[in-house]
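# just need the structure, nothing else, for what follows:
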Amino acid sequence: MSKANGRKAIFITGAASGMGLETARLFHEKGWFVGGVDVNEAGLDALRTELGAENCLISRLDVTDREAYRATLAAFAQATDGKLDLMFNNAGIGRGGPYEDMPWEDAMAVININLVAVLSGIHLAIPLLKATPGSLCFSTSSSSAIFGMAGIAVYSATKHAVKGFTEALSVELKPFGVRVADTLPGMIDTPILPDEAKANAPTEGMWRLTPPREVAEAVWAAYHTDKIHWYVPTELEAFDLVVTQHPEMVRDQMAASGMFNRSQP
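Numbering: from 1, shown residues only. Here you go, the predicted structure:
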C-alpha cells in the first residue's frame, strides 16, 4: 500500500513559506496527501512536523536542477501509486530595480526559477497528470502579468510567460482530461514582498495587503472548477479588462503616479 493510502495528492513547490505553506496546510485540512519541496530546509522541517510524516512527503529541492526534480517526482509518484491530482508550481523569487542597473546574474536567476523551472517541472509531471482523472496543473503567475510593472521588469516578463503558457497548455491537455490554470496574486503578505511595500500597501482596493491563505483558497476552488485565471483579490480581474482595452492609458497613469521614480543620470 502506498504512503498516500488512496488519498488525493498535491505536489507543491515553494512549500516552506507564504502561499505554498498555506496551500499545504489547507489541503492537509481537507484530507489530502501533501508533497512539498523548497530550498528552505528549516521551513520544510517545520512543515513536516506540522502535517505529520505519515501525511506528507517533504524534501529539499532546487527546482532549477532538472535531474533532482525528476528524482523527486519519481519518489512522490511511488508514494501515491503514480497519481498526481494537483501540481502547484509556486516556487519563485523576486529581484528588481531599474532594468538597466540589474545585475545580469539576478535577471537569469529570476528567469531560471520563475519560468524555466516551471516549464521543467510541468514537462516532467505531465505523465502523472494524464494518469490521474480530473487532475489540475496550477501555477503562480502574478498581477504583474496583467500590466508589466516598472522596477520588476524581468519578474513581470516571467509571470506574463507563465500566464501565456497556462493558456496554451489548457488547450493542449484538455483532450486528456487535464485542466491547467493559474493565479494572479496582487500584494500578498509573504517573504517575497519587500517590507517597504507591505508598509505602504493600502488597506482596501485591489492593491491591499492580502493574506496568503486567500491564494490557498483559490487553489482549492480551482480544483473544483474549470476556470483558467484566478485573481487574488478578485478586483484585479476588472483591472485586467481595463489593461486589455486601454494599455496606453494605464501606462500613462502609472508613469504619472510616481509608482516608479528614480533620479535621472
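# quick one: the residue nearest to the spatial centre of the chain from Tyr69, how far?
For the chain, the residue nearest the mean C-alpha position is Thr140 (2.3 Å; CA atoms, centre = their mean). Separation of Thr140 from Tyr69 (CB to CB, to the nearest Å) stands at 17 Å. Where you see a C-beta, it was placed from the backbone N, CA and C, and this is true even at glycine.
# so who does the residue lying closest to the residue nearest to the centre of the chain once chain neighbours are set aside touch?
Leaving aside its chain neighbours, Thr140 sits nearest to Asn90 (4.6 Å; criterion: CB to CB, 6 or more residues apart in numbering). Applying CB atoms under 8 Å, 6 or more residues apart in numbering, we find Asn90 in contact with Ile12, Thr13, Gly14, Ala15, Met19, Gly20, Thr23, Ser139, Thr140.
# contacts only, for Asn114.
Asn114 touches Gly92, Ile93, Tyr155, Thr158, Lys159, Val162, counting by CB under 8 Å, 6+ apart.
# now the last one: which helix or strand?
In other words, Val162. Element membership for Val162 (DSSP states H and E) is helix 153-172.
# flag every buried residue along that helix.
Buried residues in helix 153-172, counted by 16 or more other CB atoms under 10 Å: 153-163, 165-166, 169-170.
# report the rounded mean pLDDT for it.
Mean pLDDT, helix 153-172: 98.
# what sits up against that helix?
Under the contact criterion CB under 8 Å, 6+ apart, helix 153-172 has outside partners 89, 92, 94-96, 99, 102, 106-107, 110-111, 114-115, 118-119, 122, 137, 139-142, 144-145, 148-149, 179-182, 184, 228-229.
# can you do 6 Å?
The contact list for helix 153-172, computed with CB atoms under 6 Å, 6 or more residues apart in numbering, reads 94, 99, 107, 110-111, 114-115, 118, 139, 141-142, 144-145, 148-149, 180, 182, 228.
# which residues in the stretch 51-200 of the chain form helices?
Secondary structure of the stretch 51-200 of the chain, counting by DSSP state H, counting those that start in this stretch: helices at 66-79, 104-111, 117-130, 153-172, 195-200.
# export the first one as CSV, just CAs?
What follows is the C-alpha trace of helix 66-79 in CSV, where atoms were taken according to Å, rounded to 0.1, in the frame of the first residue of the first chain:
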residue,chain,number,x,y,z
ARG,A,66,16.2,19.0,-13.6
GLU,A,67,17.6,15.6,-12.7
ALA,A,68,16.9,16.2,-9.0
TYR,A,69,13.4,17.3,-9.9
ARG,A,70,12.9,14.2,-11.9
ALA,A,71,14.0,12.0,-9.0
THR,A,72,11.8,13.9,-6.5
LEU,A,73,8.7,13.5,-8.7
ALA,A,74,9.5,9.8,-9.1
ALA,A,75,9.7,9.4,-5.3
PHE,A,76,6.4,11.3,-5.0
ALA,A,77,4.8,9.0,-7.6
GLN,A,78,5.9,5.9,-5.8
ALA,A,79,4.2,7.3,-2.6
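# of the contacts of Asn90, buried ones?
For these, a burial check counting by 16+ other CB under 10 Å picks out Ile12, Thr13, Gly14, Ala15, Met19, Gly20, Thr23, Ser139, Thr140.
# where does the stretch 151-265 of the chain dip in pLDDT?
When residues are selected by pLDDT under 70, those of the stretch 151-265 of the chain lie in 258-265.
# for it, which segments count as strands?
If DSSP state E, counting those that start in this stretch is used as the criterion, the strands of the stretch 151-265 of the chain fall at 179-185, 229-232.
# before we move on, back to that, in CSV: the helices of the stretch 51-200 of the chain, plus distance to Ala53.
Shown next, in CSV, are these (distance: least, CB to CB, whole Å):
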stretch, distance to Ala53
helix 66-79, 12
helix 104-111, 32
helix 117-130, 22
helix 153-172, 32
helix 195-200, 34
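# nearest to Gly31, of those?
Smallest distance to Gly31 across the helices of the stretch 51-200 of the chain (CB to CB): 15.8 Å, for helix 66-79.
# buried set for that closest one?
By neighbour count with 16+ other CB under 10 Å, helix 66-79 contains the buried residues Tyr69, Thr72, Leu73, Phe76, Ala77, Ala79.
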